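Asker: please work out how this folds:
(one chain, ligands or ions: 1)
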Amino acid sequence: MGFVIAIDGPAAAGKGTLSRRIAETYGFQHLDTGLTYRATAKALLDAGLPLDDEDVAEKMARAVDLGGLDRSVLSRHEIGEAASRIAVMPAVRRALVEAQQAFSKREPGTVLDGRDIGTVVCPSSPVKLYVTASPEVRARRRYDEIVADGKPADFEAIFADVRKRDERDMGRADSPLKPAADAHLLDTSEMSIEAAFQGAKTIIDAAL
Ligand code: C5P
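Answerer: From the prediction side, this is the model:
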């Protein structure tokens, strides 16, 4: 069993950038578990299947190929929205959690990021980080990213979306987003990604 670094937190808190940087630094494999929910949602949307049929969604979840996940084809807003809807279904979560747990056994170690890694997927992980930032800061970062991409963006709509996603992720009955009791909190509202990385590195080095 490799060394598992569990990184959780709400959408747009900086988890993705931080997780990739940590994985690179330690030579660990990285799994962005949000992509497993997004890939399941995209498969349902592409096939024109309903998003509220748990059996159908579970079959799609079991067919997800962890090797073929690519954020650039899964980043669309409708896919994120559909992902957070199917993520409330226990059978979908069970299927994806099994695949994520199998991934977490890879050597020499892994970084998994998502919403329930420290609480459900890898509860015995020796390093758990809960990365967060205020909804305003997260919406601003997403807005800046879209604008930097040369696309039109509406701050109020993005802000409303961040809050809606938080409500759904924190309010669901199965595996709600919350910090594990033994997670280290990293609030990046007023912190650069570099400072967050240094904070994380100090915590990981102490546990290795
Ligand atoms: O992180 P990302 O925005 O790509 O995740 C999409 C959706 O997948 C989230 O809003 C959340 O509902 C769900 N998700 C989850 N558990 C995870 C990762 C993502 O429920 N471990």
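
Asker: how many neighbours does residue 194 have?
Answerer: Residue 194: 9 surrounding residues under other Cβ atoms under 10 Å. To be clear about C-beta, it is placed using only N, CA and C from the backbone, and glycine gets the same treatment.

Asker: what's the helix or strand for it?
Answerer: Per DSSP states H and E, residue 194 falls inside helix 193-207.

Asker: that helix - what's its average pLDDT?
Answerer: For helix 193-207, the mean pLDDT works out to 96.

Asker: buried residues, it. List them.
Answerer: For helix 193-207, a neighbour-count test (16 or more other Cβ atoms under 10 Å) marks 196-197, 199-200, 204 as buried.

Asker: likewise stretch 161-168?
Answerer: 161-162, 165-166, 168.

Asker: and if you look at stretch 115-123?
Answerer: Those would be 115-122, for stretch 115-123 by 16+ other Cβ under 10 Å.

Asker: restrict these to contacts with the ligand.
Answerer: Among the buried residues of stretch 115-123, the residues lying close to the ligand (Cβ under 6 Å from any ligand atom) are 115-116.

Asker: widest-spaced pair of the buried residues of stretch 115-123?
Answerer: The distance between the two most remote of the buried residues of stretch 115-123 (Cβ to Cβ) is 12.7 Å, for 115 and 122.

Asker: who are the packing partners of the one helix or strand residue 167 maps to?
Answerer: Following DSSP H and E, one finds residue 167 within helix 155-171. Under the contact criterion of 3 or more Cβ pairs under 8 Å, 6 or more residues apart in numbering; DSSP states H and E, helix 155-171 touches helix 77-86, helix 135-148.

Asker: most packed of the ones you listed?
Answerer: helix 77-86 (a mean of 18; mean count of other Cβ atoms under 10 Å).

Asker: what lies in contact with stretch 150-163?
Answerer: 10-12, 77, 81, 135-136, 138-140, 142-143, 146-147 (Cβ atoms under 8 Å, 6 or more residues apart in numbering).

Asker: with stretch 57-70 instead?
Answerer: With Cβ under 8 Å, 6+ apart, stretch 57-70 has contacts from 31-32, 35-36, 39-40, 43-44, 47, 49, 51, 86, 89, 91-92, 94-96, 99, 103.
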